[in-house]
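Asks: Just a sequence and a predicted model for now, questions to come.
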Amino acid sequence: MMVKGKILEWGNSFGLRLNKADMVGAGLRADQEVEVEIKPKLTKVKDVFGIIKKKVGSEKELEEIDRLFQEY
């Protein structure tokens, strides 16, 4: 199951806040141990594909794709 959460500071540590509806839907409860895979949110083309060698016109095209990424 894929859910989104928000990382918050909690004393000298960090906590992950999850939506209650997602927790109930997954059959999870408070204090239950789970495994979490953490991936940063991708917001730029280079985050997905890495650095692309520059070709004629490619910089302008990448900026346009980055703009589209930010709309979603």
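Replies: Received, thanks.

Asks: Contact partners for Leu18?
Replies: Counting by CB atoms under 8 Å, 6 or more residues apart in numbering, Leu18 makes contact with Val3, Gly5. Yep, even glycine has a C-beta here, placed from its N, CA and C like the rest.

Asks: what are the ranges of the helices in this structure?
Replies: 20-25, 45-49, 58-71 (DSSP state H).

Asks: Which one of those lies nearest to Glu37?
Replies: Ranking those by proximity to Glu37 (CB to CB) places helix 20-25 first, at 15.3 Å.

Asks: Show me which residues of the closest one are buried.
Replies: Residues of helix 20-25 include none that count as buried (16 or more other CB atoms under 10 Å).

Asks: Averaged pLDDT, that helix. What do you get?
Replies: Helix 20-25 shows a mean pLDDT of 90.

Asks: confidence score at Ile52?
Replies: Per-residue confidence at Ile52 stands at 61 (pLDDT).
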